[in-house]
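Visitor: My questions are about this predicted structure, shown below with the sequence.
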2 protein chains.
Amino acid sequence: MQKTTRVAVWGLGAMGGGICRAILDKPGLELVAAVDTHPEKVGRDVAEVVDLGGRTGVVVWRNAGEALASGRPDVVILATASFVSEVLGDVLTAIESGAHVVSIAEEMADAYAQHAGLAERMHQAALSRGVCVLGTGINPGFVLDLLIICLSGVCIHVDKVVARRVNDLSPFGPTVMRTQGVGLHPEEFQAGLARGTIVGHVGFPESISLIARALGWRLDRVEQRKEPIISTVRRQTRYVTVEPGQVAGCSHTASGYAGEEELIRLEHPQQVLPELAGVATGDYINVEGTPGIAMSIRPEIPGGLGTIAMAVNAVPLVMAAKPGLLTMIDLPLPRAIPGKR
Amino acid sequence: MQKTTRVAVWGLGAMGGGICRAILDKPGLELVAAVDTHPEKVGRDVAEVVDLGGRTGVVVWRNAGEALASGRPDVVILATASFVSEVLGDVLTAIESGAHVVSIAEEMADAYAQHAGLAERMHQAALSRGVCVLGTGINPGFVLDLLIICLSGVCIHVDKVVARRVNDLSPFGPTVMRTQGVGLHPEEFQAGLARGTIVGHVGFPESISLIARALGWRLDRVEQRKEPIISTVRRQTRYVTVEPGQVAGCSHTASGYAGEEELIRLEHPQQVLPELAGVATGDYINVEGTPGIAMSIRPEIPGGLGTIAMAVNAVPLVMAAKPGLLTMIDLPLPRAIPGKR
């Protein structure tokens, strides 16, 4: 009988909850610990916390060190925050417990891109414990980096990469509306950008770094631009109403340059109800080269389900990987692991 | 300074010639030997044989053992034939020389699928010399297997895979017209199928085996069907004219079943000038699951350029791989290696 892999989930929000549900559906995985600091979750059975029927026998711990000592996971999936500086301590705690780490923090997709010092610290800690640390997710982690790189494999030569992820923000709640500037007047949007309250997409420097490293390109700089998507039509969701002339979302673009030549351009216009303005959601990749490749996925790969899947499907990959801080381009390609039938 | 990888190319047809040209464009690769049995190629400078200007100083050898002993390649790219039984001896010769092997023989994409005994023999030989052997190509090797598997990585659960590669045979010459039955009357097509002269696509069992292994699916059987594509319009190419009622190509389909349930369906209708019948060329993948993914690449990835690229881009992957007989799903995802700028 094949041994199951023992997995802990740290952070039981929308992503961590979905990750728990997926793990409980996989015969090859065993959920052995769950961690969250929210007082309403601590001490309850994880099945209840993640809206599943029945009981798992796994209780939510507040103290991660105790949870990991008790559950002895092979792999910890960390689903708490977006930035390297926020997750560093948790990553080190998980490493210290002797477990491999899978993080869905956007910046962890390539921690070296913006935080070389902290990345090196995680790398050395992982090496010394003989475990590996991987950042993954749908984007960064797949759509605007890994999938582009994979498609480049059929090219004899690549001149430039242009890709675009067009999604619909309407399922999201007030926090996302605020950080994307939805429903504001254009001047309020500019003020929010200046204040830093409108953040757009997190992960462009990481995606560009991964693409450049995989393709052996040396870039001189990365530029990001955030612009309001001003609606010409009325758009109404459960959480927000956008009148014509108001902001329907944030068009966030990043470019990687070698000298003055733009080698990589990634576009991620995020807005509510783009179809009302005649914009089709989808993931679009153009690899310009020999041959040129024009790919589309329509509608776009859903961000939430995709991130949950990438995290869970990474478990067998990290179990077989070499120690250290890794990225998705260091591992065999991702694949769905079998569920219960 | 980074060391270059020494590469030999064995077989200088359309694919091998393109592979040589691509290698000569890559600063990280050095073409150190070339092998072909054609009397008009033996003894000439490879640049001349593969229609490049200038001279490489590498002469085409007839005897592979001598060529490999002289060139001492790190990697041999084998571009001679389609079937495991045809390339086995050459693979063993290359292994014996101490080089890694990249083969574009369709059946080598997963030699275990139909030739477990011969595959095991190659595996043991590779292990004993500490080298690896990899089969790759555009299809099998990428479109109807690797890309499907990669896309499944964003799925929490996969129920079924349906994919379709629609291409245009019109650039190809008389041999391909004959093996696909183009220009025949439907009854001649059926007779050709019965005689085995119409072969359709080579590689379906290998693609299905790779998908099933990657997704952890146990299949009970693979079924293949070949049917004539009967034209309703006149189609004329440089090599053939198809009148209405005649055969424009071969629609080749393969399905993988678990019990009576079809889990994988791969379709590869190959014909001349499909656009004249309102059929758009392209590569189409549907992963049915949670979430479902609908991908298209239009036009389709060109088969010749794609195979050349996959072979050359595999060189760094095999240099870093563990010994033995490998498949594309055992390695990090493919990526374009940098050329001269």
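Guide: Thanks, I have it.
Visitor: What sits closest to the residue in the stretch 201-341 of chain A that chain B sits nearest to if chain neighbours are left out?
Guide: Residue nearest to chain B within the stretch 201-341 of chain A: residue A:334 (2.7 Å; CB to the nearest CB). C-betas here are computed from N, CA, C, even on glycine. Nearest in space to residue A:334, with sequence neighbours left out and distances taken as CB to CB, 6 or more residues apart in numbering or on different chains, is residue B:153 at 2.7 Å.
Visitor: Pick out the least confidently modelled helix or strand of chain A, by mean pLDDT.
Guide: When the helices and strands of chain A are scored by mean pLDDT, DSSP states H and E, helix A:174-180 comes last with a mean of 89.
Visitor: Could I get the buried residue list for that helix?
Guide: Of all the residues in helix A:174-180, those buried under the rule 16 or more other CB atoms under 10 Å in any protein chain shown are A:176, A:177, A:178, A:179, A:180.
Visitor: I'd like those residues as a markdown table, with distance to residue B:190 appended.
Guide: Converted to a markdown table, the buried residues of helix A:174-180 look like this (distance: CB to CB, whole Å):
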| residue | distance to residue B:190 |
| --- | --- |
| A:176 | 59 |
| A:177 | 63 |
| A:178 | 66 |
| A:179 | 63 |
| A:180 | 60 |
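Visitor: quick one: which of the residues you listed is nearest chain B?
Guide: Nearest to chain B among the buried residues of helix A:174-180, with distances taken as CB to the nearest CB, is residue A:176, at 19.0 Å.
Visitor: Distance check, the spatially closest residue to the closest one that is not a sequence neighbour against residue A:248.
Guide: Excluding its sequence neighbours, the residue lying closest to residue A:176 (CB to CB, 6+ apart) is residue A:169, at 6.0 Å. Distance, residue A:169 to residue A:248, by CB to CB, to the nearest Å: 9 Å.
Visitor: Give the residues shared as contacts by the two.
Guide: Common neighbours of residue A:169 and residue A:248, using CB atoms under 8 Å, 6 or more residues apart in numbering or on different chains, are A:182, A:271, A:272.
Visitor: and which of these is nearest to residue B:42?
Guide: Nearest to residue B:42 out of the shared contacts of residue A:169 and residue A:248 is residue A:271 (CB to CB; 63.2 Å).
Visitor: quick one: the residue of the stretch 201-341 of chain A closest to chain B from residue B:151, how far?
Guide: Distance, residue A:334 to residue B:151, using CB to CB: 9 Å.
Visitor: Residue A:185 too?
Guide: Counting by CB to CB, the gap from residue A:185 to residue B:151 is 40 Å.
Visitor: Which one of the two is surrounded by more residues?
Guide: It is residue B:151, of residue A:185 and residue B:151, that has more neighbours when counted by other CB atoms under 10 Å in any protein chain shown, with 28 against 15.
Visitor: Contact partners for that one?
Guide: Residues near residue B:151 by CB under 8 Å, 6+ apart: B:285, B:287, B:293, B:295.
Visitor: Which ones, among these, also lie beside chain A?
Guide: The subset of the contacts of residue B:151 within reach of chain A, by CB under 8 Å from any CB of the partner chain, is B:293, B:295.
Visitor: Out of the contacts of residue B:151, which sit inside strands?
Guide: B:285, B:287, B:293, B:295 (DSSP state E).
Visitor: May I see these organised as a markdown table, with neighbour count, distance to residue A:41 and pLDDT added?
Guide: Below are those laid out as a markdown table (neighbours: other CB atoms under 10 Å in any protein chain shown; distance: CB to CB, whole Å; pLDDT from 0 to 100):
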| residue | neighbour count | distance to residue A:41 | pLDDT |
| --- | --- | --- | --- |
| B:285 | 24 | 39 | 98 |
| B:287 | 25 | 33 | 98 |
| B:293 | 24 | 32 | 98 |
| B:295 | 23 | 37 | 98 |
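Visitor: Which members of those residues are the farthest-apart pair?
Guide: Spatial extent of these (CB to CB) is set by the pair B:287 and B:295 at 8.0 Å.
Visitor: what's the neighbour count on the nearest residue to residue A:243 once chain neighbours are set aside?
Guide: Leaving aside its chain neighbours, residue A:243 sits nearest to residue A:234 (5.8 Å; criterion: CB to CB, 6+ apart). Residue A:234 has 12 neighbouring residues, counting by other CB under 10 Å.
Visitor: No more questions from me, cheers.
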